[in-house]
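**Student:** One predicted model, sequence on top.
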Amino acid sequence: MKRRDFIKYGVSGLATLVVGSKMPWLMANPAYAAVQTQTLNFTITDAVKEMVTHEPGNNLATCYFWIYKSNAPNFPADCPGPQIYTTVGDTINISITNDLDEDHAFFIPGMYNSGPIAPGATVTGTFRVTRAGSYLYYDNLNAPVNRVMGLHGAFIVMPANLRGTRARGGNRLTPYSLPTPNVQQLFNDFGRAAWWPGLAWEQGDAAATPPTLPFRQYVWLLHQASPVLFEEVGNFTPGADYPAAAFMDAFIGETDRPGLPPLIATNTDPRMAFPLPFGPGIAINNAFNKKPHFFTICGQSGHFSHNHPAITPMLRVGEPCLARVMNAGLWTHSMHLHGNHFFIACVNGRVQSNLLWVDTFTSKSMDIYDMVIPFMRPPDVPNTRGIGRADPGLPAGLGATWPPQQEFAMYQPATGTFKQSFLNPLVNVDIHQRQSPLVYAMHDHTEPSQTAQGGNYNCGSISGITIIGDRNTPGWKDFPRDEDFDMMLTFGNGAPVTKPGGGNDPPLV
Amino acid sequence: MALPNSGIIIPRRSIAGMEGMWAKMWDPPKESPGTPELLTPTNPVPAFMESLGLGDVKVPNTVQLALTEGITITGWNGAPLVIMAVGDQDMDASKGGTYPGTILRVPRGVIFHAETQGKTSPPHTIHWHGIEPTPMNDGVGHTSMEIGKYTYQLQPNFIGSYFYHCHRNTVQHFEMGLFGFLIIEPPDAYANPLTAGGYPRRTAASLAAFPQFPGFVAGDLASGDPHAYTVPYDYEALWVCDDMDSYWHNQIGLEARAWYPAILNRPGVDDQFWHGHFHDFNPDNWFITGVVVPNAPGVLGTIPPNVVVPPGLNGGVTGMQVSVNAQRGKTILVRALCASYNSMRVTFPVDVVIIAWDGRALGVPPLARYSHAYRVPAGTPIRYSVARRIDALIRTDTAVNAFATVEFFDTRGENVPGRERIVKTARIPFVIN
Ligand SMILES: [Cu+2]
Ligand SMILES: [Cu+2]
């Protein structure tokens, strides 16, 4: 499909609410589909979500969830709940209705606690946002059941002082109300120091295509979902809480020790054919076990998070960004970024004074950390500049290895490599991918989360960074983009009629 | 699946345009392309190893990696564990593949080439974890290709601790043993053949605040001084902390397509999977740098003293330790990788100074000026998760006859009140005379 054919259609992206102060830099990004509101008007309800894989009979695998649904007009339901952006000093009005049949709540640690909301009841309230940072909002009742069932979302508080740098004594804006000296120094250095050429975090570039926004930031909200267990919770005695201990036994329990619930194996599970290394035999049951089978980032897995421009930063060298990583589930993830080491700026509300510069960081249950991705040229591409180092670099005459122009011209696999289409089994699709722009993975290295019922990275807890250009190398502000990449970058998962990648066409808006 | 009372169905929304990418990501085809931007390799280590009689170098300045399978090692109870293994085909000690794979030592700034091929039918890759080259050389199938045969090209520019592993279906291939440690050394580490094969050596650090480590040089990285921001060490120990699920290794891990759609094979159409286990990892064996930790799961086990890594598996360098055996008043560097799908907690019996995480020396200007090396007192646990590395520096005038401990945590339930559990504790002899 050609660009002119789809450009007229509406766009919807990652469901985002902006509460209180306007955030034009965020509202302007079509990938977020942000809606401005003064009141968080939510309904606590349930939903069934189509997951990344299929079940026999060509049906999309599904999972039952409890969700916070925004009542803003035409606002899409999803799990997790909407990403909420606010600003320090804003007053937030809240109106939350519980449509489920047991008590639920809305809770932001240190900021707001609705207390139990009875079935059918509506709670209203007001609170003031006082401290910048990354937070989870969630249902803290019957912990951790209600939260893990899907009642959670990201709550982002931006610092208040958005005025010019002069008003801040020459300091650049950071994501924090009270940055440590090293955090302040890092944000001051972006765009100013010789080793971080390009934009400051607070600077955008309206002339870029697509425009580079100031305050570039992404949420990587990690979660795990068990369709069998979640359905069981949904079907539990109306009005009664599913026992939290039994929930955890099933979701994170051991399988190799006596006295705890065994693995529930299916009749296609070859474990049954062998003496078990872990202890007594296990009854065959024609169902999944109750452990998590789906591992999500902002509710998406595999392709759907990796190639989603509101989840995966797609920026240029010299366009540093922030990623806020939070874990609403009960498993530890060890999140590894390819292509750039990143700085750990804040861990569980503590702005760091010693900014580790790492390629992997630990996200335990309920952990929240902020990482700053410098978007520097990947430093181990052969080079003559040595990034502050004295490497002699390439002998004269070998030409530039950056940008990698020969690589840009390659397709992997080669053009003309076909696989059956997911839209129409009678059609084959060319799976060639141009080696431009530069795509890097970001994924959980605790690899059992890359499976989703078994399977490869296409199903698991994965996102990435994509380097779409280099604002520090003259003539290379944009690396070549083929049409399919350009469509994705422009429209994300919001363009309904574009020969979409791997999903059902959502209804036309 | 029961319908929700609300009637809300959340659709799986498509990604505009990327139909080919979606299909490719399921199972990238095996390819053998030429290396773009190909340069002449300058890595001196293969020739140095050849000069020691450790092997024969086929292509100058080039490492020859092969990935293979069907190798068996022995677990704590004497039972066999089937693994996959990687090795340098030019070197006698590793050509058949070892667990873990041979240590690669590379001077900073050289053009590093690894000619890499899979020996068996499923494709493979090598990802150079922590090294940041172009996507073609990053070894991730869906962002480039699975191989086949390919010459990976990189120019490592930060001294420190890394590892390499197969990124084909990493769930399976990393667990099955397709990985090894990678050490980036100062540019002149192999400049003098008389000293290149032993200790002392140097590594990156910023230690102005820790004068107990003699020989630290600050200076200026841009000046060309190969020792700028490095410190010498007299002893080196490597702890590659791993776990294995014998069921994965001996039953499901051998099946090349065990992690792929169960019945049919049309990505996105009928990709249902085998049910029930690949998300379910239950290790029953633990290893420290290839040495099995004795005793049953949950029971404390101590690895033997005086375990060393031979020079044929350590870039020609003699003396790499696993269990620590050092002299007082000398500098010891411990590199510790969590290669385990368990998380872990390392506790040293002596004070240590953490000088680097993940191949980035703390406090080295300009790019790491926002951090600093820090002291961790004896007995204080350092907790981290899979794929992370620490470089710990130690120097004491007091004799020590003790153990370092590595406690492995089930990643299901960490930080959940009442649910955190240690599944194995390993002890590493730690002797300073
Ligand atoms: Cu990776
Ligand atoms: Cu890795």
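**Tutor:** That came through fine. Ligands and ions are numbered 1, 2, ... in the order given.

**Student:** Just the closest residue of the stretch 1-150 of chain B to chain A, please.
**Tutor:** residue B:14 (2.5 Å; C-beta to the nearest C-beta). C-beta: built from backbone N, CA, C; applies to glycine.

**Student:** That residue: neighbour count?
**Tutor:** Neighbour count for residue B:14, taken as other C-beta atoms under 10 Å in any protein chain shown: 30.

**Student:** And the pLDDT at it?
**Tutor:** Looking at residue B:14, its pLDDT is 77.

**Student:** Just the buried positions in the longest strand along chain A, please.
**Tutor:** In chain A, taking DSSP state E as the definition, the longest strand is strand A:39-55. Buried positions in strand A:39-55, judged by neighbour count with 16 or more other C-beta atoms under 10 Å in any protein chain shown: A:39-55.

**Student:** What strands line up against that strand, and which way round?
**Tutor:** Paired with strand A:39-55 in the same sheet, following DSSP bridges, are strand A:59-70 (antiparallel), strand A:91-98 (parallel), strand B:9-10 (parallel).

**Student:** Quick one: closest of those strands to residue B:214.
**Tutor:** Nearest to residue B:214, of all these, is strand A:91-98, at 57.6 Å by C-beta to C-beta.

**Student:** what element comes up after that closest one heading to the C-terminus?
**Tutor:** strand A:107-108 (DSSP states H and E).

**Student:** Now do the very next helix or strand once past that following strand: distance to the chain's middle.
**Tutor:** Note on strand A:107-108: by DSSP H and E, the next helix or strand toward the C-terminus is strand A:112-113. With C-alpha atoms, centre = their mean, to the nearest Å as the basis, strand A:112-113 stands 25 Å off its chain's centre.

**Student:** one step back: take the strands paired with strand A:39-55 and lay them out in JSON lines including distance to residue A:402.
**Tutor:** Listed next are those as JSON lines, based on distance: least, C-beta to C-beta, whole Å:
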{"stretch": "strand A:59-70", "distance to residue A:402": "42"}
{"stretch": "strand A:91-98", "distance to residue A:402": "46"}
{"stretch": "strand B:9-10", "distance to residue A:402": "42"}
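
**Student:** For the stretch 151-300 of chain A, give me the ranges with low pLDDT.
**Tutor:** For the stretch 151-300 of chain A, the stretches with pLDDT under 70 are A:161-167, A:254-288.

**Student:** The same query, at a cut-off of 90, please.
**Tutor:** Confidence mapping of the stretch 151-300 of chain A against pLDDT under 90 gives the ranges A:159-170, A:177, A:194-195, A:206, A:209-214, A:227-228, A:249-250, A:252-293.

**Student:** Which residue does it have closest to chain B?
**Tutor:** Nearest to chain B in the stretch 151-300 of chain A, going by C-beta to the nearest C-beta, is residue A:252, at a distance of 3.8 Å.

**Student:** Now that residue: phi and psi?
**Tutor:** The phi/psi pair for residue A:252 (degrees, to the nearest 10) reads phi -130, psi 10.

**Student:** Reformat the strands paired with strand A:39-55 as CSV; add mean pLDDT, mean neighbour count and distance to ligand 2.
**Tutor:** Shown next, in CSV, are the strands paired with strand A:39-55 (pLDDT from 0 to 100; neighbours: other C-beta atoms under 10 Å in any protein chain shown; distance: least, C-beta to the ion, whole Å):
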stretch, mean pLDDT, mean neighbour count, distance to ligand 2
strand A:59-70, 91, 23, 27
strand A:91-98, 94, 18, 41
strand B:9-10, 90, 16, 32
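
**Student:** about what we covered before: distance check, the closest residue in space to the residue of the stretch 151-300 of chain A closest to chain B that isn't next to it in sequence against residue A:150.
**Tutor:** Spatial nearest neighbour of residue A:252, chain neighbours left out: residue B:412 (3.8 Å); criterion: C-beta to C-beta, 6 or more residues apart in numbering or on different chains. Per C-beta to C-beta, to the nearest Å, residue B:412 is found 19 Å from residue A:150.

**Student:** cool, residue B:100 as well?
**Tutor:** Residue B:100 is 40 Å from residue A:150, by C-beta to C-beta.

**Student:** Show me which parts of the helix or strand encompassing residue B:70 are buried, residue by residue.
**Tutor:** If you go by DSSP H and E, residue B:70 is part of strand B:62-74. Buried residues in strand B:62-74, defined by neighbour count with 16+ other C-beta under 10 Å: B:62, B:63, B:64, B:65, B:66, B:67, B:68, B:69, B:71, B:73.

**Student:** same thing with stretch B:303-311?
**Tutor:** Within stretch B:303-311, the residues scored as buried using 16+ other C-beta under 10 Å are B:303, B:307, B:309, B:311.

**Student:** now do the same end-to-end measure for it.
**Tutor:** This stretch, stretch B:303-311, spans 21 Å end to end (C-alpha to C-alpha, to the nearest Å).

**Student:** which other residues reach it?
**Tutor:** B:49, B:52, B:54, B:93, B:103, B:197, B:238, B:288-289, B:291-294, B:317-323, B:325, B:426-429, B:431 (C-beta atoms under 8 Å, 6 or more residues apart in numbering or on different chains).

**Student:** center of the chain - which residue?
**Tutor:** I'll assume chain A. residue A:220 (3.2 Å; C-alpha atoms, centre = their mean).

**Student:** Oops, wrong one, chain B.
**Tutor:** residue B:163 (3.1 Å).
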